[in-house]
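In: Pasting the sequence and the predicted model now:
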Amino acid sequence: MREIRRILLTSVVLGCTLVLPVGASGLNPGLPRHNLTPGAVDPRVTQANIQSTICVSGYTRTVRPSESYTYNLKVSQLYNGYNYRGDTSTHDYEEDHLVPLEVGGNPTSVKNLWPEPRHILWGASKKDALENAIHRLVCDNVMSLAAGQRIFESNWIAAYHTYVG
């Protein structure tokens, strides 16, 4: 009989504790490796200028890096161990900004970009829903820009339960 090993990752977000099961490697495949992708913010986006930057419709199109840049980075990351269960097919990943552009994430820093698996429970589509929710809170001045950025730099999956449901 095959032994299945589970490691529990406990995250505390705004006083809410959530226990998530992770794989044998100790990493949840929906979260980047923090030592490789800790997140990075765009110094041009500040609390004082969010209404003229991230809160303007279409802003992310003005700062999003070219597809050739993100594609080449994704290929490099996948072939250098940043893949899920050995899958190096670029179609199975979205080169994602850990701190989203929508909340002032750095567009081109390798500290902020990682190949996020698409076809897992905690993949790209769920993170996109959280990005939209936090963007609304920041632009409605319900949450500070810094607080919105920290959500993604820590454990976005735990924050998803709090802000999306």
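Out: Nice, I can see it.

In: ok, longest helix in this protein?
Out: Longest helix in the chain, counting residues (DSSP state H): helix 124-139.

In: just checking, what packs against it?
Out: Packing partners of helix 124-139 (3 or more Cβ pairs under 8 Å, 6 or more residues apart in numbering; DSSP states H and E): strand 93-97, strand 113-117, helix 145-153, helix 156-163. Backbone N, C-alpha and C define where each C-beta goes, glycine included.

In: which other residues reach that helix?
Out: Contacts with helix 124-139, where a contact means Cβ atoms under 8 Å, 6 or more residues apart in numbering, come from 30, 50-51, 54-55, 94, 96, 100, 102-103, 116-118, 143-145, 148, 151-152, 156-157, 159-160, 163-164.

In: Val75: how many residues sit nearby?
Out: 15 (other Cβ atoms under 10 Å).

In: nope, Thr37 is what I meant
Out: Thr37 has 24 nearby residues by other Cβ under 10 Å.

In: quick one: contacts for the nearest residue to it once chain neighbours are set aside?
Out: Nearest non-adjacent residue to Thr37, counting by Cβ to Cβ, 6 or more residues apart in numbering: Trp114, 4.2 Å away. For Trp114, the contact set (Cβ under 8 Å, 6+ apart) comprises Pro32, Arg33, Leu36, Thr37, Gln77, Tyr82, Glu95, Asp96, Leu98.

In: ditto for Gln149
Out: Gly39, Val41, Val99, Val103, Gly104, Gly105.

In: Thanks again, I'm all set now.
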